[in-house]
Structure formats: structure tokens, C-alpha cells
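> Here is a sequence together with a model predicted from it:
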Amino acid sequence: MADKLAAKAAKQHIEEYFQQADAAYEENPTRAHRYAELAWKMALKHRIRLSGEQRKQLCKSCHHFLKEGKNSRFRTRNGKIILTCLDCGGIRRIVYRV
């Protein structure tokens with residue numbers, strides 16, 4: 001029972017971290033990257049899957065917060081979404097159906 005409560009609280013914290021990262025990115029990108037890294041570490045610790053939207057906002061290589069048009073590039077090609085982190089050059093490909 002305690003594990004479910006801890007997981008629920010952790011999910012709320014993760015959502016808050018992503019909201020804070022989004023709000024803080026314009027003024028201080030370093031702080032936004034830190035919030036994203038904290039959210040990722042919390043998800044790992046509590047074994048929680050990030051939502052699809054959260055995964056698109058987090059670089060898998062350097063764990064930076066990705067803001068479309070600022071430090072990341074989103075392209076579609078051959079039935080895939082290609083996410084490129086402009087900080088580290090990491091690429092993630094997500095298959096989608098038409």
C-alpha cells in the first residue's frame with residue numbers, strides 16, 4: 001500500500017518537474033535541464049514510465065529538457081518522428097501510424 005502511495009506521489013512530482021522545466025526554460029535553460037534530470041531520476045527510482053509527451057520532452061542521451069525550436073528539432077520522415085537534441089546530437093525515432 002505504501003508503494004502505491006509513493007508511486008502516486010512520485011508521478012505528481014514528475015509532472016510538476018516537467019511543468020517547472022517548461023516555465024523556466026526561457027529564463028534559465030540550465031535550471032530546466034536540471035528539472036528534467038530530476039524527473040528522470042525519480043521515474044527510475046520508483047520504476048514509473050514517463051508519458052509519451054514527457055518522453056518527447058526529454059533527451060535520452062543527455063537527459064536535457066527539449067524545447068521544440070530552441071534546442072531540439074522535430075521532423076517526420078517515412079512514418080517516423082525524428083527527434084534531434086541540438087545540445088548533444090542525440091537522435092530518437094518514434095514510429096507512428098497514419
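It's in. Numbers count the residues shown, from 1 in each chain.
> give the contact list for the residue nearest in space to the middle of the chain.
What sits nearest the mean C-alpha location of the chain, by CA atoms, centre = their mean, is Leu58, with 2.6 Å. By CB atoms under 8 Å, 6 or more residues apart in numbering, the contact list for Leu58 reads 36, 39-40, 50, 64-66. To be clear about C-beta, it is placed using only N, CA and C from the backbone, and glycine gets the same treatment.
> And it, its phi and psi?
Leu58 adopts backbone torsions of phi -130, psi 130, taken as degrees, to the nearest 10.
> Give the bridge partners for it, please.
For Leu58, the beta-bridge partners under DSSP bridges are Phe65.
> how far away is Lys4 from Ile48?
Separation of Lys4 from Ile48 (CB to CB, to the nearest Å): 12 Å.
> which of those two has more neighbours?
Neighbours were counted for Lys4 and for Ile48 using other CB atoms under 10 Å; Ile48 has more, 16 against 8.
> From His13, how far off is that one?
Using CB to CB, one obtains 10 Å as the distance from Ile48 to His13.
> Over to Ala39?
Here Ala39 is placed at a distance of 8 Å from His13 (CB to CB).
> that older thread, save the contacts of Leu58 as CSV, and put in neighbour count, distance to Ala23 and pLDDT too.
Output for those, formatted as CSV (neighbours: other CB atoms under 10 Å; distance: CB to CB, whole Å; pLDDT from 0 to 100):
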residue, neighbour count, distance to Ala23, pLDDT
Ala36, 25, 12, 95
Ala39, 27, 14, 96
Trp40, 20, 18, 96
Leu50, 17, 18, 94
His64, 24, 16, 94
Phe65, 29, 11, 95
Leu66, 27, 15, 94
